[in-house]
Each structure stands twice: as structure tokens, then as C-alpha cells.
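Enquirer: I would like the atomic coordinates for the input below:
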Amino acid sequence: MNFSLPCNHPSFKLTVSATLLLLLVLSIPAQSETKQWSERKFDRAILNIEKDIMRKRWNSVIERSQKALRQCIALYSAQSPTCILVLKNINQSYEKIRTFNPQAEQIESAYRLSSNILGASHATSISARDYYYKYLIFNERYAEAIPLLMEIINLEKSRSNDDYQLMERYKQLYALEGLTENWPAEEAALIMVIRLAQEVLGKDSEDFAAGVEALAYNYCVQKKYYEYFQLINEQQLEIPCLSNSRN
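Expert: Below you'll find the model as predicted:
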């Protein structure tokens, strides 16, 4: 039995009207989400975020900052230092709860915007670069991480006299270059590790010995046999040279 109503029936028209109204309501975001904030309201939101930071309420910082970021970009622009700071608050809060921002594009944006707008040595840029570097390493995007590590190294060389920290950075670099099988670049990093280990810890240190051994294997992989024999003779080592030792 067919109970469908004719198109001109009043109940049919009422049903269609109600359906269209419901679809219209569902398709329109809530007014509170689309309405542009005033600068005054935005400033109040920033004050509340700062209070949450002081109280270490990281989840609240993330929630408030995500809302504030959209409004900030609408009020000013994504390149505004204020908006970059809001973006930094989001990423730093995720770091405080020991996880990565699920919106990966915000991690990269924070790094690129802060570096371009605020400068590579700005505190916000340093924080954003470090977080992005860790994110790339965690996701095994080693080739992309290398340029960031080079930026970190160059910045630390220009601002710090901490040779031990610099040695640790070069150890990271040699590991990344090895993972990407860039043997000449790994060689250069290892030479720096050995030099710094000798200056900071001495030739009897484990770091110096490990660096020399790794460099010997590197020479073997590159078939730089003259350098290999010169190194092991100087250091009085017995390290077998197998050109496929990395395979």
C-alpha cells in the first residue's frame, strides 16, 4: 500500500519545509564559531591563555589557543608575531604533555613563520625548530631533519662555547648522515666528533674511541683505503675493513 502524499497536500509541503530548514541549520556553523572577535575579546582570550600557562593547564592552553589562532589570523595575519606566539603556545603545550601536535602542518608552520618573521636566533624560532626537528626524527624523516640540525649547530657555534654540547650535536649529525647513506657528509661529521671529543674529553674517552672506529668503517664503505690504513696505524687499532660492513 502506498501512503505517499500528493505534492500539493498541505502536510507534504510542511514536511518539505521542515526538512529544508533542518538541512539549512545543520549546514551553518554555530554563530559563536563564525563571528569575528573584537580585538578586546581577543586580548582577553590571550590573558586567559597566559593564566593557563602559569597554572600549567596545558590542555586548556591548547583548546583556547586553537580558537584564538583562527581569530588572530582573521584579525591580523598568519605572519603576525602575535599569531606566531599563539602557535608556539599550542606546540609547546603538546610538548609539555609529551606528545606531538596532531595537526602536523602547525608544527612546520611555527618553524617556518618564526624563522622568517622573527629571525633564526629568536627564542620562539629556537623552540619551534627544536620541536619540528624532534617531530621529523620521531617520524623517521631523517633527510628533512638534517638541514634543521645544521641550523641548530650553526646557531650554537655562534652563541655558545659549550664544546661538549656541540660534540653531541655532531654525533646526531653523523648518525643522520649514516641513516641516509651520505658517506662523505658522515665522514665530515665524524671528523668533528673526534676533534671535539679529543679537546673536551681526551683521547682516552669512549667518545673519541667510538668516533675513530666509526670513521674507520666510513673509510671502508667509501673505499678510501689510504685514509683507513693511515687512521688505524696512527691510533694503533685493529679494525677489519669490509667494504660491505654497513650492509
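Enquirer: please compute how far the host helix or strand of Ala128 lies from its chain's middle.
Expert: Using DSSP states H and E, Ala128 maps to helix 123-138. With CA atoms, centre = their mean, to the nearest Å as the basis, helix 123-138 stands 4 Å off its chain's centre.
Enquirer: buried residues, the next helix or strand after that helix. List them.
Expert: Under the assignment DSSP H and E, the closest C-terminal helix or strand after helix 123-138 is helix 142-159. Residues Tyr142, Ala145, Ile146, Leu148, Leu149, Glu151, Ile152, Ile153, Glu156 are the ones in helix 142-159 that count as buried (16 or more other CB atoms under 10 Å). Glycine gets a C-beta too; all of them are placed from N, C-alpha and C.
Enquirer: the fifth one against Ala175, yeah?
Expert: What it means is Leu149. No: at 9.9 Å, Leu149 does not count as touching Ala175 under the criterion of CB atoms under 8 Å.
Enquirer: domains of this protein?
Expert: If you go by automatic domain parsing, the domain ranges for the chain are 37-139, 142-247.
Enquirer: in JSON lines: those domains, plus mean pLDDT.
Expert: Below are the domains of the chain laid out as JSON lines (pLDDT from 0 to 100):
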{"stretch": "domain 37-139", "mean pLDDT": "97"}
{"stretch": "domain 142-247", "mean pLDDT": "93"}
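Enquirer: show the contacting residues for Ala145.
Expert: Residues counted as contacts of Ala145 (CB atoms under 8 Å, 6 or more residues apart in numbering) are Tyr133, Leu136, Ile137, Leu176.
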